[in-house]
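> After the sequence you'll find the predicted model.
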Amino acid sequence: MSDTLYREFGRHLDEQAVGFPAASSGAHIRLLKGLYTPEQARTAMALDYRFRSIADIEKRSAASGFAGQELADRLKEMAARGLIGFRTQKGVAQYAIIPLIVGIYEAQVNWLSPDFLRDFHDYTSTLSFGLSFLNGGMQQMRTIPIEESLDSRQAVAPWDDVRKIIEAATGPFVINECICRKSRSLEGESCKVTSRLETCLAIDSMAEQCVEMGIGRTIDKKEALSILGENQKEGLVLQPSNTQKVEFICSCCGCCCGMLRIQKRLPVPVNFWAANFHAVVNDDACVGCRICLEKCQVDAIELNKKTDKVEIDAGRCIGCGNCVPACTSGALTLGRNINEAVPPETSDRLYDGLKNRKKRFWGNLRFAVKNLFFQ
């Protein structure tokens, strides 16, 4: 199988809102070959990150060799394998290229294999992918506080309130197995926070794609709230899509979640996170019990050995709130960040924003020097 087609396909993916840069090792080619047949790669090159109807795609698809019903069948087949995005708008099917993360990777939850995980990790561990992924200027996900961490007197925007997010959604709702926890399990590692796999919730249009793909389990709004409540009790971090009209809510742990594991390796991770809260410690109330250190999924709490009090690392805390109800002395609360991060209204606007702010080689180099190597 020639690499030429896949190099061209990789360049096309890299032009989208979330990049797919080439790796000098060729890891990106191996990953694409494992996911897409040559025919599927040619078809995907007729798409971009904006959702389009089949009629619009057909106008762009001359090079793919597919048209009419054959094109419609091909797109439906690719969406069912999580290789492209799918949604319906006013009853019309639409398709688009979706990022490797968040998108293609998560959609492979029913088709995980050692070969796929090897190729995925080989590629996503490259410097080129890391710089491109972190240097988008906006985040695809954000962190919202767990309900029990919020004071009833605090004014909380609806996009930061998990209950309001669910109540505002029209559905459907699909609960999926966590791709990160499942991948780690296949690699011989078990989660230290929960034994449950069904923790990641798809909402509205993303739930529609899950139904189309036959992954996950369709649930009602009541069960969605119940599962999210259990996730919060166990200490998982709530990470929805970075949009006001939320399409998914991941519930993450620091030992398995790819995003939080990246977070823990960065020198000042809050520079790359969208969040509106941070933990605050009252020194007078802190008894140095250390329970909060165990609850924090991102290593943002440290014990000052001289004072025997905990301290919050402001460069690491993402305001998930898990430490607040865990504190038996009431020393921890959530404070609001000075600059509120208001998410884009929809995923369309999010990805338009990512595309507009996307930086290339010299931008990536300046970013690396400023944020990764010299902190």
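Right, received. Where do you want to start?
> ok, now which ones touch the residue lying closest to P344 once chain neighbours are set aside?
Of all residues not flanking P344 in the chain, L350 sits nearest, at 4.4 Å (CB to CB, 6 or more residues apart in numbering). Yep, even glycine has a C-beta here, placed from its N, CA and C like the rest. Contacts for L350 (CB atoms under 8 Å, 6 or more residues apart in numbering) come out as 138, 140, 241-243, 343-344.
> what's the spacing between L350 and M141?
10 Å (CB to CB, to the nearest Å).
> sorry, back to before: considering the contacts of L350, which possesses the most neighbours?
S241 (26 neighbours; other CB atoms under 10 Å).
> I figured that residue was touching Q139, is that so?
No - assessed by CB atoms under 8 Å, S241 is found out of contact with Q139, at 9.8 Å.
> quick one, what contacts the closest residue to R52 other than its chain neighbours?
Distance criterion CB to CB, 6+ apart; nearest residue to R52, sequence neighbours excluded, is Q94 at 5.9 Å. When contacts are counted by CB under 8 Å, 6+ apart, Q94 touches 51-53, 86-88.
> mind running it again at 6 Å?
Q94 makes contact with 51-53, 87, according to CB atoms under 6 Å, 6 or more residues apart in numbering.
> Can you pull the phi/psi pair for it?
phi -130, psi 150 (degrees, to the nearest 10).
> partners of it in the sheet?
When assigned by DSSP bridges, Q94 has beta-bridge partners S53, R87.
> what does the domain assignment say about this protein?
Annotated domains of the chain cover 3-134, 147-264, 275-336 [automatic domain parsing].
> for the shortest one, how far is the first residue from the last?
Start-to-end span of domain 275-336 (CA to CA, to the nearest Å) is 9 Å.
> How about stretch 331-343?
The straight-line separation of the ends of stretch 331-343 (CA to CA) is 30 Å.
> Identify the residues contacting it?
Stretch 331-343 has contacts (CB under 6 Å, 6+ apart) with 145, 149, 159, 242-244, 274, 276-282, 285-286, 321, 323-324.
> let's see 7 Å
142, 145, 149-150, 159, 242-244, 274-282, 285-286, 292, 319, 321, 323-324 (CB atoms under 7 Å, 6 or more residues apart in numbering).
> what comes up buried for it?
Within stretch 331-343, the residues scored as buried using 16 or more other CB atoms under 10 Å are 331-334, 341, 343.
> Stretch 196-211 too?
196-210.
> Determine the set of other helices and strands touching the helix or strand that H278 is a member of.
Assigned by DSSP states H and E, H278 belongs to strand 277-281. Other elements packing on strand 277-281 under the criterion 3 or more CB pairs under 7 Å, 6 or more residues apart in numbering; DSSP states H and E are strand 309-312, strand 332-336.
> In CSV: these, plus distance to E223 and mean pLDDT.
Listed next are those as CSV, based on distance: least, CB to CB, whole Å; pLDDT from 0 to 100:
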stretch, distance to E223, mean pLDDT
strand 309-312, 35, 97
strand 332-336, 27, 96
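> Save these as a markdown table, and put in distance to A46 too.
Listed next are these as a markdown table, based on distance: least, CB to CB, whole Å:
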| stretch | distance to A46 |
| --- | --- |
| strand 309-312 | 49 |
| strand 332-336 | 45 |
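> so which of those strands comes closest to N110?
strand 332-336 (36.7 Å; CB to CB).
> Which residues belonging to the next helix or strand after that closest one are considered buried?
Downstream of strand 332-336, the first helix or strand assigned by DSSP H and E is helix 347-357. Buried residues in helix 347-357, defined by neighbour count with 16+ other CB under 10 Å: 347, 350-351, 353-355.
> just curious, which of these is nearest to G130?
Closest to G130, out of all of those and judged by CB to CB, is L354, at 16.3 Å.
> ok, the closest one - contacts?
17-18, 136-138.
> Low-confidence regions, the stretch 201-350 of the chain specifically.
Applying pLDDT under 70 to the stretch 201-350 of the chain picks out no residues at all.
> hey, where'd the strands end up in it?
217-219, 237-240, 248-252, 277-281, 301-304, 309-312, 332-336 (DSSP state E, counting those that start in this stretch).
> Among these, which comes closest to S185?
Here strand 248-252 is closest among those (CB to CB), at 15.3 Å.
> List the strands paired with the closest one, with their directions.
Looking at strand 248-252 with DSSP bridges, its partner strands are strand 198-203 (antiparallel), strand 237-240 (antiparallel).
> Give me the phi and psi for the residue nearest to E234 when sequence neighbours are not counted.
Closest residue to E234 apart from its sequence neighbours, by CB to CB, 6+ apart: T194 at 4.7 Å. As for T194, its main-chain torsions (degrees, to the nearest 10) stand at phi -150, psi 150.
> Could you check how many residues crowd around the nearest residue to C257 once chain neighbours are set aside?
Nearest-residue entry for C257: C180, 4.9 Å, with adjacent residues in sequence omitted and distances by CB to CB, 6+ apart. Using other CB under 10 Å, C180 has 24 other residues around it.
> Tabulate the buried residues of stretch 331-343 in CSV, adding columns for distance to L260.
As requested, the buried residues of stretch 331-343 are exported to CSV (distance: CB to CB, whole Å):
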residue, distance to L260
A331, 24
L332, 19
T333, 22
L334, 18
A341, 18
P343, 19
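> Cheers, nothing more for now.
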